[in-house]
Every structure is written in structure tokens, then in C-alpha cells.
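In: below are the sequence and a predicted model for it; my questions follow.
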Amino acid sequence: MTDASRDTLRIGIIGCGAGVFHLRGYESEPRAKVVALAGLDTERCQRLAKQYEIPAIYGDYRELLEVADIDAVSIAVPNHLHMPVAIAALEAGKHVLIEKPLARSAEEGEQMIAAAQKS
Ligand SMILES: NC(=O)c1ccc[n+]([C@@H]2O[C@H](COP(=O)([O-])OP(=O)(O)OC[C@H]3O[C@@H](n4cnc5c(N)ncnc54)[C@H](O)[C@@H]3O)[C@@H](O)[C@H]2O)c1
């Protein structure tokens, strides 16, 4: 959960493809700090981590979600994973920013919104 005693939001980015666009956005925001990446394509993630000096890389996204001092995640994984990853992130207490499209169907989107309202 966000620590009110600090003014920086600590971010994890899940997905090292379009995730780079989120990364560049956060780079220009002094109140956000990207502290971790997650991706199954290790080499691509390692290149990004080196370029942007991101200290931690995880394989499966669940490992990143277990990190207590990550406040928020950007989700940039393939579309069929948007719903399960977003719901897992919300259940882990993270704020969630997600790539378009939100989900594959209105039903999936509604489940995600319900999880957000509950978290
Ligand atoms: N590429 C673009 O220009 C672009 C533009 C607009 C929207 N998007 C959206 O961005 C999202 C991702 O697209 P992309 O082009 O980057 O796809 P991509 O296949 O290039 O990258 C997907 C990333 O997700 C990671 N991933 C998959 N399963 C994972 C798991 N279980 N744990 C951790 N990481 C996992 C992969 O390792 C990879 O890093 C999609 O929703 C797409 O619609 C992409």
C-alpha cells in the first residue's frame, strides 16, 4: 500500500513491450519511480532495466505483485491476460494502470471494475 510518509509512488511495469511507453511517461513524472519490471522475455526486460536503471526484474508477474513496497503497476501484457493480471494486482493492493484495450469483452471489463471497487 502507498506509504503516506513518502511522496513517491513506486511503480512496477508488467510487460516489456508496450510497457516501455509507460516507462517513458513515468520518467517525466518526479512523483513516480519505476522500481521493477516483469516479463517472460528476459533479454528484452534486461535491456530496458539497464537503459532506465531499474533495479529489479521478475519473470512471472506474480513475483512482482508479492513485493510489498510497490504501490502501483502498469499492465502491458497480451490482451487475454489483462483481466487475470489486473484482478491479481488489485487483490494484492496495487493501484492499476492498464494498456488498451481494457479487456476482451464487456463482461471481463465489468469483473475488473468490480475488483477495483472492492480493493
Ligand atoms: N505494441 C504497441 O505499440 C501497442 C500499442 C497499443 C497497445 N498495445 C497493447 O499493449 C499490450 C502488450 O502488447 P505488446 O505489443 O507489448 O505485446 P508483446 O507480446 O510485445 O509483450 C508482452 C509482454 O508481456 C509479458 N508477459 C506475458 N505473460 C506474462 C506473465 N505471465 N508474466 C509477466 N510478463 C508476461 C511478455 O513477456 C512481454 O514482455 C497489449 O494489450 C496491446 O494491445 C500495444
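Out: Done, it's in.
In: the ligand contacts on the protein?
Out: For the chain, the contact set with the ligand under Cβ under 6 Å from any ligand atom comprises 14-18, 38-41, 60-61, 76-79, 81, 99-100. Where you see a C-beta, it was placed from the backbone N, CA and C, and this is true even at glycine.
In: take those residues and keep only those in helices.
Out: Among the residues of the chain next to the ligand, the members found in helices (DSSP state H) are residue 61.
In: check the residues of the chain next to the ligand for burial and list the buried ones.
Out: 14-16, 18, 38-39, 61, 76-77, 99 (16 or more other Cβ atoms under 10 Å).
In: so which of these is the closest to residue 69?
Out: Taking Cβ to Cβ as the measure, residue 69 lies nearest residue 38 of these, at 15.3 Å.
In: for that closest one, give me its contacts.
Out: 12-15, 45, 57-61, 63-64 (Cβ atoms under 8 Å, 6 or more residues apart in numbering).
In: what's residue 46 sitting at in phi/psi?
Out: Dihedral pair for residue 46: phi -60, psi -40, per degrees, to the nearest 10.
In: how about it: what's its closest non-neighbour residue?
Out: Excluding the flanking residues, the one nearest residue 46 by Cβ to Cβ, 6 or more residues apart in numbering is residue 57, at 6.4 Å.
In: which element is the residue nearest to residue 32 when sequence neighbours are not counted on?
Out: Distances taken as Cβ to Cβ, 6+ apart place residue 26 nearest to residue 32, at 4.4 Å, with adjacent residues excluded. Element membership for residue 26 (DSSP states H and E) is helix 19-27.
In: tell me the contacts of residue 54?
Out: 34-37, 48.
In: circling back: pLDDT for the contacts of residue 38 - can I get that in CSV?
Out: CSV is the format used below for those (pLDDT from 0 to 100):
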residue, pLDDT
12, 98
13, 98
14, 98
15, 98
45, 97
57, 98
58, 97
59, 96
60, 94
61, 98
63, 97
64, 98
